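Peer 1: take this sequence and fold it.
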Amino acid sequence: MKPYSSTYQHFQSITSGSGVMSKSTPVSPMVSFTDANKLARNFSNLMMSSRHGSSTLSSVRGYDIERLKILLGAYFVSIDITLSKILSLKECIDDTEEFINIKLASVQNWLIQFELLLAAATFGATMFVVVTRVFGMNLAPGNFGNTLSFNWALIIT
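Peer 2: Predicted coordinates:
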């Protein structure tokens, strides 16, 4: 009876008459409160029935097996509830990770577009500087009369 005392105390707070469930009650968005209530009922039935046991050896063995079945059933319900909570949490984490990756890809695309715009603006400014330098050079006076060199400078730039 000793191994069950802490379990009984834990679930006794769940089955208090107020109808309010304890914070330690396993609750999942995928599983209704009825599973937690079944778990609490199984434990309370187990503990209540342990007080009214028979004194014969065969009925005690049968009672122990029945009590073990009830206890295992309650543990399996608790494990199922915990598993469904973990799976829903994993799905939520995966969705959040996917959302963050989409946002990061969007920001990366914006940065690439901005870099391309800056490169085009830099190229345009560089071409303006080159044309200004070509026409701002000190050329010999003989080249000013030659329109061919002026046309070549325009074509090259």
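Peer 1: show me where this structure has helices.
Peer 2: Per DSSP state H, the chain carries helices over the ranges 2-12, 33-51, 57-136, 141-144, 147-156.
Peer 1: the residue nearest to residue 134 when sequence neighbours are not counted - how many residues pack around it?
Peer 2: Excluding the flanking residues, the one nearest residue 134 by CB to CB, 6 or more residues apart in numbering is residue 153, at 5.1 Å. All C-beta spots, glycine's among them, are computed from the backbone N, C-alpha and C. Look at residue 153: counted by other CB atoms under 10 Å, it has 15 neighbours.
Peer 1: residue 153 contacts residue 132, doesn't it?
Peer 2: No. In terms of CB atoms under 8 Å, residue 153 does not count as a neighbour of residue 132; the distance is 11.6 Å.
Peer 1: tell me where the protein is predicted with low confidence.
Peer 2: 1-62, 138-146 (pLDDT under 70).
Peer 1: how about a cut-off of 50?
Peer 2: Applying pLDDT under 50 to the chain flags the ranges 1-29, 31, 54-57.
Peer 1: enumerate every residue touching residue 131.
Peer 2: Shown in contact with residue 131 (CB atoms under 8 Å, 6 or more residues apart in numbering): residue 157.
Peer 1: same check on the one 4 residues further on?
Peer 2: Contact analysis of residue 135 by CB under 8 Å, 6+ apart lists residue 153.
Peer 1: distance of it relative to residue 128?
Peer 2: Computed as CB to CB, to the nearest Å, the residue 135 to residue 128 distance reads 11 Å.
Peer 1: residue 77: neighbour count?
Peer 2: So residue 77, with other CB under 10 Å, has 19 neighbours.
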